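Q: Return a 3D structure for these sequence lines:
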Amino acid sequence: MITGLLCIAACHGQAAAEKGDPALPQGSVRFETARGPWIVRVEIASDEASRARGLMYRRSVEPDRGMIFVFPTTEDLIFLDESRAVIGVVANAAPRTDAPRGVGKASRYVVEVAGGEAAAHAVGPGTRAAFIGIPE
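A: Model (predicted):
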């Protein structure tokens, strides 16, 4: 489920209805790739509870949808650095697991999308991302 840039995708409405979770704020992340721009509509996980839950309980992930995890400080768990440049991608990570994932570099943000989406859009190290409607 987690693909290349850990641009991590989802359909929040279904899971929220099933779990009784409140809707998360939404925004977009635009990646400037060799194949042109790719815009992913994301839910914003900016508090401890929403980051811990992430997309773990989602049954499906729609194309061009996802979640961004925003941390108050830089951590070694995510894949966009402070300047919003991609520093690493974990492709096709196993869903519904608590196993830690990382790229071995300090990062501040992660975007999670469906498996294969990052490769399909040529997202990799060095790809630049811009946030749209995502508060810092």
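Q: so the residue most central in space within the chain, which of the three states?
A: Residue closest to the average C-alpha location in the chain (Cα atoms, centre = their mean): V111, at 1.5 Å. Assigned by DSSP: H, G, I helix; E, B strand; the rest coil, the conformation of V111 is strand.
Q: Show me what it is bridged to.
A: Beta-bridge pairing for V111 (DSSP bridges): I68.
Q: Any stretches of the chain with poor pLDDT?
A: 1-22, 72-78, 94-97 (pLDDT under 70).
Q: what are the ranges of the strands in it?
A: Ranges of strands in the chain, per DSSP state E, are 26-33, 36-45, 65-75, 107-112, 128-132.
Q: Quick check: V90 touching V103?
A: Yes - contact criterion Cβ atoms under 8 Å: V90 and V103 qualify, at 6.9 Å. Heads up, the C-betas are built off the backbone N, CA and C, glycines and all.
Q: which residues do the two both contact?
A: Residues within reach of V90 and of V103 at once, by Cβ atoms under 8 Å, 6 or more residues apart in numbering, are F79.
Q: What is the burial count for A118?
A: Using other Cβ atoms under 10 Å, A118 has 30 neighbouring residues.
Q: ok, it to S46 distance?
A: 22 Å (Cβ to Cβ, to the nearest Å).
Q: Then E82?
A: Relative to S46, and taking Cβ to Cβ, E82 is found at 16 Å.
Q: These two: which is more packed in?
A: Ranked by neighbour count (other Cβ under 10 Å), E82 and S46 place S46 first, with 17 against 10.
Q: ok, and the closest non-adjacent residue to that one?
A: Counting by Cβ to Cβ, 6 or more residues apart in numbering, V70 is the residue found nearest to S46 once chain neighbours are left out, at 4.3 Å.
Q: can you tell me which residues contact that neighbour?
A: I44, A45, S46, R108, Y109, I134, E136.
Q: Can you select the buried ones from these in ChimeraX?
A: To isolate the buried members of these in ChimeraX, using 16 or more other Cβ atoms under 10 Å:
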select :44,45,46,108,109,134
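Q: for the contacts of V70, which one is nearest P25?
A: Nearest to P25 out of the contacts of V70 is I44 (Cβ to Cβ; 4.5 Å).
Q: That concludes my questions; thank you for your assistance.
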